[in-house]
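S.K.: Could you look at this predicted model? Sequence included:
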There are 2 protein chains.
Amino acid sequence: MKELKGACIIGQSGGPTSVINASAYGVIDTALKSGAITQVLGAEHGIKGVLNDRLFDMGLEDPEELRLMKYTPSSALGSCRYKIADPEKDDTDYKRILEVFKKHNVRYFFYNGGNDSMDTCNKISKYMQSVGYECRVMGVPKTIDNDLYGTDHCPGYGSAAKYIATSMMEVYQDARVYDTGMIVVMEIMGRHAGWLTAAAALANEYGAGPDLIYLPETDFDMAQFIADAKKVYEEKGNCIIAVSEGVHYADGSFVSEAKVAATDGFGHAQLGGLASILAQTLKKETGAKVRGIELNLLQRCGAHLASHTDIEESYMAGKAAVENAVNGITDKMIGFERSVVDGKYACRTKLLPLTEVANAEKKLPREWINEAGNGVLQPFVEYALPLIQGEPDLPKVDSLPRFCHLKKIIAK
Amino acid sequence: MKELKGACIIGQSGGPTSVINASAYGVIDTALKSGAITQVLGAEHGIKGVLNDRLFDMGLEDPEELRLMKYTPSSALGSCRYKIADPEKDDTDYKRILEVFKKHNVRYFFYNGGNDSMDTCNKISKYMQSVGYECRVMGVPKTIDNDLYGTDHCPGYGSAAKYIATSMMEVYQDARVYDTGMIVVMEIMGRHAGWLTAAAALANEYGAGPDLIYLPETDFDMAQFIADAKKVYEEKGNCIIAVSEGVHYADGSFVSEAKVAATDGFGHAQLGGLASILAQTLKKETGAKVRGIELNLLQRCGAHLASHTDIEESYMAGKAAVENAVNGITDKMIGFERSVVDGKYACRTKLLPLTEVANAEKKLPREWINEAGNGVLQPFVEYALPLIQGEPDLPKVDSLPRFCHLKKIIAK
């Protein structure tokens, strides 16, 4: 195979995570050391940065600040939620991307994101091939949702899962402190897949988890939900519930968007999200003290509680993307394969065709959810527990996190 | 002074914190080693445990599990929000307390709580004196609100402040990731004092904090709030706001309880709390993407992010309560005095009369708040920063917290 010399671009896309920068650093660090790659460019706000020719010269950054990307949450280069058109319908964006690629002699394109981003990668690669411009394109996965197809798990999931399990254990302590009892509804991210919400069950391993768990993998039934909660509350005097933001009725409509006529009598959609809707409903039905808690952005940016395993695997994914591309591979996403080595969890990278990954979705297997659809089973715990292991080597100043500061110098 | 021999009771009251158990452990550990104290009793759910004669024999607990109380959030013995009557009006409770004290020969009563709890302490002590029953009564302070009178700061505040500052730094990273801009409203606890919300400003020391901070110490003006947020958003493209749950209009009414006629046209009180109300208002006024985040219970139970300083000081407060009581002191609350030793922050305990502390409240000094009432000044940062220092020695199993497990054996 002939060596392909040229610049590379790394871009970040979609919702940020605690460790997406660890993956980007894996790309940048490996690319800066590669003989084939002549310049490492960071795209400002993902593909938008390419379209706008806003590319940072990552070689001009302080190496120590780059290294701190491993422990800095959110997308350090900036992200976007830009859906690129089909090239057959509108090739304006693709022509512009080609122009910018040619200007900087970009021969490697690494895109760090979820399934939409893999679709973007795929379309760009196909276009470059159609016009005969040689450029190797690799997807570097990330998503706290853990819903990418073909990989054992996704970078970002382990850290979010750890945040959720830890917070659940702490709230569990807090929520049973009075003799008067309380019901807590904790709303957890995950619009279409229940991986994140299921992570609350890890707390149960230590006797401090949710009594009930509701995921988007099964249909939600409000009457059954109320009956479940009442039963636990009457038996225990307390009830802790983990619920996915994506729970939906059998007709597919989200519970979070339902008009709750019962509460205000006029059918106005309630504000304040799902946790609030469910908490109000249970308060009315049980008379108990009820609290709704939405973990909100915190679960995806809680880098102080990241999983060391997740950080190192995220870095590994970025590194593997560069190494494979330099070795001639293109049109692949890096995936993870789990194995057991000497009785211990191990993980190595594998290559997945972008065409297979793009826009596909992986849900929690039904057999990992209990029959009643209000709890998860031991195989899930065994799957998820290795992913949250180890503490981050996050540097601190005055006991607060020291996140990276990038200079972001536009490349000439 | 003659030695007073007898049992002691430790009770916990009011809203829990990350470190109230560290104080209780300070009492229990010191009392178990004391020659004067014959039995250490833990009251189940505070004063209610005394009234119900539900007292745990803490000497029967595994010493290692007791030690883990230092790192376990919430009130391990159970808490209550029971307001004891004035003895002149109704002395039923006091007679019962005396009966239980006599039954177990209780000669020391330690009560771990906020200003209501100091009031309870005070009333019990006065009653025991009036009937000639010798019992030394000491208050061990706790409150994340930091609003106890006469002490430099309160056990529990530093850990909550650290959780708030860290979460703010992380959300800051997340909230500016897109080029489309965003406004974030973070709602922080503190009904009458702004100490907790002000802690968000610690993040500003590292360039990653809120643009605007609103505290209950000044009157809230919705028009000014909207104008402030608009100005920042237009200048920066992003705006992060920290707001106390206790912000109120000039007439004293809480913003969180306002009927927002503008949003639904029917004057229905909105659900979902203050963050949601303010986020909806700003969305309507600016058209920006807006997110409301309520830190909720997490800020008071986030023990994984506790301040080592706070944990050790909380323990010290419990220890000092026992030592002083054994030495003949009664009717005092342990307070903290700050000093500078060799250029470094130092803290030692002092004694405050219960009568002075009970039901008094300490607010953030107006001169630590900027003139516009939408930010805090450097003296606050210098005050608060030493209180959040150091990491907890929280033991973990499988990278999740290992909280204490008490046997809670009822004393004979």
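M.R.: On my side now, so go ahead.
S.K.: leaving aside the residues next to it on the chain, what's closest to residue A:93?
M.R.: With C-beta to C-beta, 6 or more residues apart in numbering or on different chains as the criterion, residue A:93 has its nearest non-adjacent residue at 5.5 Å, and that residue is residue A:84. Bear in mind the C-beta positions are built from the backbone N, C-alpha and C, glycine included.
S.K.: can you tell me which residues contact the one you found?
M.R.: By C-beta atoms under 8 Å, 6 or more residues apart in numbering or on different chains, the contact set of residue A:84 is A:47, A:93-94, A:119-120, A:123-124.
S.K.: Just the ones of those in helices?
M.R.: In helices, defined here by DSSP state H, the members of the contacts of residue A:84 are A:47, A:93-94, A:119-120, A:123-124.
S.K.: Turn these into CSV, including neighbour count and pLDDT.
M.R.: Shown next, in CSV, are those (neighbours: other C-beta atoms under 10 Å in any protein chain shown; pLDDT from 0 to 100):
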residue, neighbour count, pLDDT
A:47, 25, 97
A:93, 20, 97
A:94, 20, 98
A:119, 21, 93
A:120, 27, 95
A:123, 20, 96
A:124, 24, 97
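S.K.: then the host helix or strand of residue A:223 to CSV, C-alphas only?
M.R.: Assigned by DSSP states H and E, residue A:223 belongs to helix A:222-236. Only the C-alpha atoms of helix A:222-236 are listed here, as CSV (Å, rounded to 0.1, in the frame of the first residue of the first chain):
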residue,chain,number,x,y,z
MET,A,222,-49.8,5.0,33.4
ALA,A,223,-52.3,2.9,35.3
GLN,A,224,-49.7,0.1,35.8
PHE,A,225,-47.0,2.7,36.7
ILE,A,226,-49.3,4.1,39.4
ALA,A,227,-50.2,0.6,40.7
ASP,A,228,-46.5,-0.4,40.8
ALA,A,229,-45.5,2.7,42.7
LYS,A,230,-48.4,2.4,45.2
LYS,A,231,-47.5,-1.2,45.9
VAL,A,232,-43.9,-0.4,46.7
TYR,A,233,-44.7,2.7,48.7
GLU,A,234,-47.3,0.8,50.8
GLU,A,235,-44.9,-2.1,51.4
LYS,A,236,-41.7,-0.1,52.1
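S.K.: For the very next helix or strand once past that helix, which outside residues touch it?
M.R.: Under the assignment DSSP H and E, the closest C-terminal helix or strand after helix A:222-236 is strand A:238-244. Applying C-beta under 8 Å, 6+ apart, the set of residues contacting strand A:238-244 from outside is A:168, A:171-172, A:175-176, A:181-190, A:194, A:196-197, A:200-201, A:209-216, A:229, A:232-233, A:274-275, A:278, A:288.
S.K.: Which ones among those lie within helices?
M.R.: Using DSSP H, these in helices are A:168, A:171-172, A:196-197, A:229, A:232-233, A:274-275, A:278.
S.K.: Chain B: which of those is nearest?
M.R.: Sorting these by distance to chain B puts residue A:171 at the head of the list, at 5.5 Å, by C-beta to the nearest C-beta.
S.K.: contacting residues around the closest residue to that closest one other than its chain neighbours?
M.R.: Among residues not flanking residue A:171 along the chain, residue B:297 sits closest, at 5.5 Å (C-beta to C-beta, 6+ apart). Residues counted as contacts of residue B:297 (C-beta under 8 Å, 6+ apart) are A:171, A:174-175, A:184, A:291, A:293.
S.K.: Which of the residues you listed ranks first by neighbour count?
M.R.: residue A:171 (29 neighbours; other C-beta atoms under 10 Å in any protein chain shown).
S.K.: Touching, that one and residue B:299? I think so.
M.R.: No - using C-beta atoms under 8 Å as the test, residue A:171 is too far from residue B:299 to be in contact (11.1 Å).
S.K.: I figured residue A:177 was touching residue B:17, is that so?
M.R.: No - using C-beta under 8 Å, residue A:177 makes no contact with residue B:17, being 10.5 Å away.
S.K.: More neighbours: these two, which one.
M.R.: A count of neighbours by other C-beta under 10 Å puts residue B:17 above the other of residue A:177 and residue B:17, at 33 against 25.
S.K.: List phi and psi for that one.
M.R.: Torsion angles at residue B:17 (phi, psi; degrees, to the nearest 10) stand at phi -140, psi 180.
S.K.: Distance of it relative to residue B:76?
M.R.: The gap separating residue B:17 from residue B:76 is 12 Å, by C-beta to C-beta, to the nearest Å.
S.K.: do the same with residue A:285
M.R.: Residue A:285 is 31 Å from residue B:76, by C-beta to C-beta.
S.K.: Export the contacts of residue A:84 to TSV and append columns for distance to residue B:164.
M.R.: Shown next, in TSV, are the contacts of residue A:84 (distance: C-beta to C-beta, whole Å):
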residue	distance to residue B:164
A:47	35
A:93	42
A:94	46
A:119	39
A:120	37
A:123	43
A:124	42
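S.K.: which one of these sits closest to chain B?
M.R.: Looking at the contacts of residue A:84 and their distance to chain B, the nearest is residue A:47, at 11.5 Å (C-beta to the nearest C-beta).
S.K.: Spell out, range by range, the helices that occur in the stretch 251-400 of chain A.
M.R.: Secondary structure of the stretch 251-400 of chain A by DSSP state H, counting those that start in this stretch: the helices cover A:261-264, A:273-286, A:298-301, A:308-326, A:354-357, A:378-384.
S.K.: picking up where we left off before, which two in the ones in helices among the contacts of strand A:238-244 are spaced the farthest apart?
M.R.: Across those, the longest distance by C-beta to C-beta is 24.7 Å; it joins A:196 and A:233.
S.K.: Please name the nearest non-neighbouring residue to residue A:127.
M.R.: With sequence-adjacent residues excluded and distances taken as C-beta to C-beta, 6+ apart, residue A:127 is closest to residue A:94, at 4.4 Å.
S.K.: Give me the neighbour count for residue A:342.
M.R.: Residue A:342 - counted by other C-beta under 10 Å - has 5 other residues nearby.
S.K.: What score does it have for pLDDT?
M.R.: Note on residue A:342: pLDDT of 92.
S.K.: give me the number of residues near whichever residue of the stretch 301-412 of chain A sits closest to chain B?
M.R.: When scored by C-beta to the nearest C-beta, the stretch 301-412 of chain A has residue A:301 as its residue closest to chain B, at 4.0 Å. Look at residue A:301: counted by other C-beta under 10 Å, it has 29 neighbours.
S.K.: Touching, it and residue B:173? I think so.
M.R.: Yes - at 6.0 Å, residue A:301 and residue B:173 qualify as touching, with contact defined as C-beta under 8 Å.
S.K.: where's the residue of the stretch 1-150 of chain A found nearest chain B relative to residue A:253, distance?
M.R.: Chain B sits closest to residue A:74 of the stretch 1-150 of chain A, with a gap of 3.7 Å, by C-beta to the nearest C-beta. With the distance defined as C-beta to C-beta, residue A:74 ends up 32 Å from residue A:253.
S.K.: which of these two has more neighbours?
M.R.: Of the pair residue A:74 and residue A:253, residue A:74 is the one with more neighbours under other C-beta under 10 Å, namely 27 against 11.
S.K.: residues from the stretch 151-300 of chain A in reach of chain B?
M.R.: Neighbours of chain B within the stretch 151-300 of chain A, by C-beta under 8 Å from any C-beta of the partner chain: A:162, A:165-167, A:169-171, A:173-179, A:184, A:202-203, A:205-208, A:263-264, A:266, A:268, A:270-273, A:276-277, A:280, A:291-294, A:296-298, A:300.
S.K.: Now do the closest residue to residue A:51 other than its chain neighbours: how many residues are near it, please.
M.R.: In space, and not counting its chain neighbours, residue A:51 is closest to residue A:96: 5.4 Å by C-beta to C-beta, 6+ apart. Using other C-beta under 10 Å, residue A:96 has 14 other residues around it.
S.K.: residues of the helix or strand hosting residue A:96 that come out buried?
M.R.: Secondary structure from DSSP H and E places residue A:96 in helix A:92-104. Judged by neighbour count using 16 or more other C-beta atoms under 10 Å in any protein chain shown, the buried positions of helix A:92-104 are A:93-94, A:97-98, A:100-101, A:104.
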